[in-house]
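> Kindly return the folded structure for what I paste below:
(one chain, ligands or ions: 2)
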Amino acid sequence: MENTNIDWSNLGFNYSKTDKRYVATCKNGKWEKGKLIEDETITLNESAGVFQYAQTCFEGLKAYTAKNGKVVVFRPDLNAKRMADTCKRLCIPELPKEMFLDAVEQVVKANASYVPPFGTSASLYLRPFIIGSSPVIGVQACEEYHFRLFALPVGSYFKGGLAPIKIMVSDFDRAAPNGTGDIKAGLNYAMSLYASKLAKAQGYAENMFLDAKTRTYVEEAGGANFIFVTKDKKIVTPKSDSILPSITRRSLLVVAKEILGYEVEERKIRLDEVENFAECGLCGTAAVISPVGLIHTKEKDIIFNGDETVVGPVIKELYKTLVGIQLGEIDPPADDWVREIV
Ligand code: PLP
Ligand code: COI
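Ligands and ions are numbered 1, 2, ... in the order given. Here you go, the predicted structure:
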């Protein structure tokens with residue numbers, strides 16, 4: 001069953017083609033029944049809405065081989081809900097939750113040989129997305145849409161796995177108040193590419209974006225939310241209407257409070273108080289929890305744990321507990337967190 005051509009322990013976060021993907025079309029506001037296909041390419045009209053006005057959104061979630069050998073997916077219902085919320089904001093007919101979950105199940109089953117074995121710390125990344133597929137030339141929503149969910153085996157998003165990363169505060173803003181920061185629209189990522197290129201050229205793995213209105217508060221990174229730990233071991237995360245409601249962050253807050261017994265708080269976090277925190281991490285599906293060792297600001301470099309190469313104890317504990325839940329080694333706070341597929 002297992003694909004023997006893949007070096008599971010040395011996977012990065014790069015595209016590779018797997019056997020089957022799920023596709024469905026929406027016409028006249030109605031999503032038609034989808035199916036699995038082999039073709040990884042898409043042919044579209046040159047004036048399709050996705051090309052002209054970026055009418056596109058996506059999601060990201062992972063399938064794992066659990067300790068008992070079953071293949072499981074972590075909280076896919078929340079991705080289905082977030083995609084529906086994103087659709088609404090982008091004038092895309094909402095993809096029904098049942099269809100999203102059916103696509104997840106069919107694609108994981110059809111590509112079961114690509115699910116990394118237990119203990120490799122790799123996973124099968126699922127990328128659902130929707131594009132406006134019919135031609136438009138005036139600025140307007142499309143009449144037809146294409147939904148697709150494909151899968152690829154991945155390792156860690158940042159080089160070095162659980163090794164702390166260095167990030168910098170960006171001079172650019174990610175999302176405006178009352179804008180699109182809280183949805184998973186492709187346009188939020190297109191605008192982050194230049195900031196990301198500048199950060200990488202200076203040796204930083206990611207950006208910290210600040211609130212666009214006052215440039216005072218911490219928002220999020222290009223592809224993950226922030227989580228901080230105070231010196232008296234309270235878990236604090238930024239509260240903002242213009243950040244993506246991360247499923248990993250929401251799950252971690254429950255895990256921290258209900259399983260590990262930490263006090264947790266969601267509140268506005270000023271950039272000038274970040275140096276008082278003991279630990280910092282980025283959290284997200286791709287990032288899992290990536291410890292942050294250093295944040296470069298205009299005034300100074302903020303170093304956590306007194307040494308930018310050390311992973312803080314609370315971040316480490318959160319990581320182990322979350323991954324333990326995802327791999328079926330630790331009981332989840334609720335039965336529907338880990339969905340068995342095969
Ligand atoms: N923030 C941004 C901008 C992201 O792209 C992601 C990744 O999905 C996250 C946060 C983390 O969200 P989640 O934990 O749901 O993957
Ligand atoms: C994810 O974590 O699934 C994302 O979509 C983030 C992206 C930067 C890879």
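
> Might you enumerate the residues of the stretch 51-200 of the chain proximal to ligand 1?
By the rule C-beta under 6 Å from any ligand atom, the part of the stretch 51-200 of the chain lying against ligand 1 is Gly60. For the C-beta atoms, the positions are set from N, CA and C on the backbone; glycine is no exception.

> OK, contacts around the residue of the chain at minimum distance from ligand 2?
Distance from ligand 2 to each residue of the chain (C-beta to the nearest ligand atom) is smallest for Gly60, at 2.1 Å. Gly60 makes contact with 79, 125-127, 284-286, according to C-beta atoms under 8 Å, 6 or more residues apart in numbering.

> So the helix or strand where Pro128 lies, near ligand 2 or not?
Using DSSP states H and E, Pro128 sits within strand 123-132. No - using C-beta under 6 Å from any ligand atom, we find that strand 123-132 stays clear of ligand 2, coming within 7.1 Å at best.

> That strand pairs with which strands?
Here strand 123-132 has these sheet partners by DSSP bridges: strand 56-58 (antiparallel), strand 61-65 (antiparallel), strand 144-154 (antiparallel).

> Please name every helix or strand in contact with the very next helix or strand once past the longest one.
In the C-terminal direction, the helix or strand that comes right after strand 144-154 (DSSP H and E) is strand 165-169. Taking 3 or more C-beta pairs under 8 Å, 6 or more residues apart in numbering; DSSP states H and E as the contact definition, the neighbouring helices and strands of strand 165-169 are strand 206-210, strand 288-296.

> Contacts for the helix or strand following strand 165-169, please.
Following strand 165-169 in sequence order, the next helix or strand is helix 187-190 (DSSP H and E). Under the criterion C-beta under 8 Å, 6+ apart, residues 54, 56, 174-175, 180-181, 222-223, 244 lie in contact with helix 187-190.

> for the record, mean pLDDT for helix 187-190?
Helix 187-190 shows an average pLDDT of 98 in the prediction.

> how about that helix as CSV, C-alpha atoms only?
Taking C-alpha atoms only, helix 187-190 is exported to CSV below (Å, rounded to 0.1, in the frame of the first residue of the first chain):
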residue,chain,number,x,y,z
LEU,A,187,-5.2,37.9,-2.8
ASN,A,188,-4.0,38.1,0.9
TYR,A,189,-1.0,35.9,-0.1
ALA,A,190,-0.2,37.6,-3.4
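
> wait, what's in contact with the closest residue to Val139 other than its chain neighbours?
Leaving aside its sequence neighbours, Val139 sits nearest to Tyr53 (C-beta to C-beta, 6 or more residues apart in numbering; 5.9 Å). Shown in contact with Tyr53 (C-beta under 8 Å, 6+ apart): 132, 136, 139.

> show me what contacts the second one?
To tie it back to what came earlier, the one meant is Val136. Per C-beta under 8 Å, 6+ apart, neighbours of Val136: 47-49, 52-53, 142.

> now with 6 Å?
By C-beta atoms under 6 Å, 6 or more residues apart in numbering, the residues touching Val136 are 49, 52, 142.
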